[in-house]
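Participant: Prediction below, plus the sequence it came from.
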Amino acid sequence: TLLSGGPSPVRLSYHLYTAAGAVVVWDGARGLLPADVPPGASASVQIDVQLPSRTGDYVIAWDLVQEGVAWLSQFGIATKREAVTVQPGVTFYGKGFGHGVGMSQYGAQGLATGAAGAARTGEQIVAYYYPGTTLAPIDPNAANKVIRVLLSQPSSQGRYSCGAAYFDGRVANLVSAGGFRVLNEGSNNAEIFRASPNVSVQLFAANGAVQVWNQATATPTKVYEGAGPIVTVPLVASQPTKIAEKGTYRGNLRFTNLGNTLRVLNVLSYDDYTKGVVPLEMLKDWHLEAYKAQALAARTYAYSSYQGGKRDYDVLDDQSDQCYGGVQMRSGRVVESAITSRAVDLTAGKLITDGGQAIRAYFSSSSGGYTKAFGCWNNNVVQSGGAVTCRASPPYLTAVADPADLAVSTPAPNRNASWTRTFTSAEIRQAVLDYRGIDIGTLLSVDLSNRSPAIVGHAVSVKLVGTGATVDLPADRLLRDHLFLRSTMVRLAPW
């Protein structure tokens, strides 16, 4: 038995050699055993290894030492030897893509196709990724009966666009195969006029007002000018309305004047909204049950985003919330598909709930083999006294093992299952300067041992030792926001 206490406890340590066998460090740092280790048992021990600043190839020989007595290798117990390379910078070996909280989309596909055990249904998939939750119908008496999606600026900017057109114009041309009513919401939804099927109506922002022009005749006629808001309501619910400058959408459209540009909202049912989300949030040709899981997560995320009177919209139509493209994009790309719409219909009106309330159903592309607890994500981490720790997480957003995320193979393997990124010392130094304004000087070492769950999980913090300073920084902010890594499921050696 290896004794963790007493006058001569056993510790884990190491010797460091050059590749040629010369000793660099004989008496390495110590790692404490968590408890006595009986024969045949094992224990996990963390040690901060200080590697040399000189570049080159080295060997770490892991050894046990009985303090005040001897190294156990002197009694014939073999060391475990690992080759390491000290480079001018650092290489991160990563898995996964995205924040890693909640459901993994590649994992959902893996579970649906039986990549890690028996194939699961969409309902079983969400129960796996959101532990302890149940499915419940939308309360018909709840205040948030519809979802309000902002289609105009600042939606769909830059890397968050999801392929949708960015709209910040002052003109919108509308048409529907079923026609639509034009109402003045500012006057108790009084009807201004009705647009016949396939007749174009133009809305124009000018002089602080919204103008409505009927283009049914050779000479367009202005039928309204005022503050509005102006709302269009389809005459045939199944026939969506096309905004030539943006896309085609189900439900109602709401227009106001914002600095002489049109502010545009799409107001529609959660199911119709979800039909425009699932095809953009998951890849083509995936399993119906994976799409069902995504439909449940997307609908629940939208429902939990209700803002009431705090603002006039609930979600943006881009990745800062979740991708939404309506029925068809301005580019001509058709968003809705038969299989994804079927997934929405099969889960119609259902929410993922905990304690009777809709959860915040976060999801990301790929967890890298283990999801991340909500309390370890981004600004949720706590930095105090030089230590970075995770806050408590809701029970349905704890970390769960996700082998299906890496094992998925149908219709194709996870394209983010393994990747690397290498940075020079100068690039790491600049990233820390940009993030915290601290100059670490020349990079000496990187420590990713602070993980949650320990050993197997995502990095919670990154400890950097430089010639000018030592810092321990939240992993999400440094790795994803400033070094632009795909995820925080990273290591410093090949997995």
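Facilitator: Structure's in. What do you need?

Participant: use CA for all of it now, contacts and neighbours both
Facilitator: Noted.

Participant: For the stretch 301-450 of the chain, which segments are assigned as strands?
Facilitator: 315-316, 328-329, 350-354, 357-358, 363-364, 382-384, 387-389, 419-424, 443-447 (DSSP state E, counting those that start in this stretch).

Participant: List the buried residues of the longest one.
Facilitator: This points to strand 419-424. Trp419, Thr420 (16 or more other C-alpha atoms under 10 Å).

Participant: hmm, back to that, so for Tyr58, which of the strands of the stretch 301-450 of the chain sits nearest?
Facilitator: For the strands of the stretch 301-450 of the chain, proximity to Tyr58 was assessed by C-alpha to C-alpha; strand 443-447 is nearest, at 14.3 Å.

Participant: Tell me which helix or strand comes right after that closest one.
Facilitator: Remark: after strand 443-447, the chain's next helix or strand is strand 451-452, criterion DSSP states H and E.

Participant: low-confidence ranges in the stretch 51-200 of the chain?
Facilitator: Residue ranges of the stretch 51-200 of the chain with pLDDT under 70: none are present.

Participant: got the angle between the longest helix seen in the chain and strand 350-354?
Facilitator: Using DSSP state H, we find that the single longest helix of the chain is helix 288-303. Angle between the axes of helix 288-303 and strand 350-354 is 70 degrees (criterion: axes from the mean of the first three to the mean of the last three C-alpha atoms, to 10 degrees).

Participant: for helix 288-303, packing partners?
Facilitator: Other elements packing on helix 288-303 under the criterion 3 or more C-alpha pairs under 8 Å, 6 or more residues apart in numbering; DSSP states H and E are helix 105-112, helix 122-129, helix 270-275, helix 278-281, helix 338-346, strand 350-354.

Participant: which of those is buried the deepest?
Facilitator: Mean neighbour count, computed with mean count of other C-alpha atoms under 10 Å, is highest for helix 105-112 among those, reaching a mean of 30.

Participant: between it and helix 288-303, how many degrees?
Facilitator: In terms of direction (the same axes, to 10 degrees), helix 105-112 departs from helix 288-303 by 140 degrees.

Participant: contacts for helix 105-112?
Facilitator: With C-alpha atoms under 8 Å, 6 or more residues apart in numbering as the test, helix 105-112 has contacts from 116-122, 125, 282, 286-287, 289-290, 293-294, 363-367, 402-410, 414.

Participant: Put the buried members of these into a PyMOL selection.
Facilitator: The PyMOL command for the buried members of the contacts of helix 105-112 (criterion: 16+ other C-alpha under 10 Å) is given here:
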select buried, resi 116+119+120+121+122+125+282+286+287+289+290+293+294+363+364+365+366+367+402+403+404+405+406+407+408+409+410+414
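
Participant: Turn the helices and strands packed on helix 288-303 into TSV, including distance to Val45.
Facilitator: Output for those, formatted as TSV (distance: least, C-alpha to C-alpha, whole Å):
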stretch	distance to Val45
helix 105-112	30
helix 122-129	29
helix 270-275	46
helix 278-281	40
helix 338-346	46
strand 350-354	36
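
Participant: Indicate which one of those is closest to Thr371.
Facilitator: Comparing the helices and strands packed on helix 288-303 against Thr371 with C-alpha to C-alpha, the closest turns out to be helix 122-129 (8.4 Å).
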